[in-house]
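1. Next input, structure requested:
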Amino acid sequence: MKIVNLLITLIAVLLFISGCSTQVSKEKNKVGDISRHSVFNLDDETIKNLEKGIIKGTPLRLDNDMSDVERIWGKPNEHFDHEDIQTYEYTIKNQKFIIDEDEMKEIYTISVELDYSKDEILEIMGKPTEPGNIFIYEKENYHIQFEKFDNKWRLILRKK
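-> Purely as a prediction, here's the structure:
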């Protein structure tokens, strides 16, 4: 009986020691699950919309004009007149959106400030069409570009 009790105690101690020394693997967030903004986030559906010139979750489309945007978001926080080009800035739920409109009153670029790292962008978007510090993805009618401004990455969607 003493041997059985000793054996059970020894097994319990060994199980306890092995359980303490085992490192629990830390679960890494999948990049596809990152939702940092309440307005615009990079995910599979967003990428499909970008390829169509649409910024998901916003009134921003490269085939709209500023009146469509103002109808939903109101007047911009900032407006810069560069003669032929007008630049409009909105800050919606702490996320900055920049819209450039040409002399024909057509939106030709939309920029969105992002809180993603370089590695996260590359993991989500894949290998860029053109290598370099600016990531450019050429699609049928649009360029999807990621560029770093003031320590933040910015998505720039523009017409070809």
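2. The residue nearest the centre of the chain and L122, how far apart?
-> With distances taken as C-alpha atoms, centre = their mean, the residue of the chain nearest its centroid is L42 (3.6 Å). According to C-beta to C-beta, to the nearest Å, L42 stands 11 Å off from L122. C-beta here means a position set from N, CA and C on the backbone, and glycine is covered the same way.
3. Send me the host helix or strand of F80 as CSV with only the CA atoms.
-> Per DSSP states H and E: F80 is located in strand 78-82. Provided in CSV are the C-alpha atoms of strand 78-82 (Å, rounded to 0.1, in the frame of the first residue of the first chain):
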residue,chain,number,x,y,z
GLU,A,78,-10.3,71.3,-44.4
HIS,A,79,-10.3,72.5,-47.9
PHE,A,80,-7.2,73.4,-49.9
ASP,A,81,-7.5,75.2,-53.3
HIS,A,82,-4.6,74.4,-55.6
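4. can you give me how far that strand is from the chain middle?
-> 26 Å (C-alpha atoms, centre = their mean, to the nearest Å).
5. pLDDT below threshold where in this structure?
-> Where the chain drops to pLDDT under 70, the residues are 1, 4-38.
6. Spell out the residue ranges of the helices in it.
-> Counting by DSSP state H, the chain has helices at residues 2-21, 44-50, 66-73, 118-125.
7. what number of residues lie near the nearest residue to F97 once chain neighbours are set aside?
-> Leaving out its chain neighbours, the residue that sits closest to F97 by C-beta to C-beta, 6 or more residues apart in numbering is Y90, at 4.6 Å. Burial measure for Y90: 21 neighbouring residues, criterion other C-beta atoms under 10 Å.
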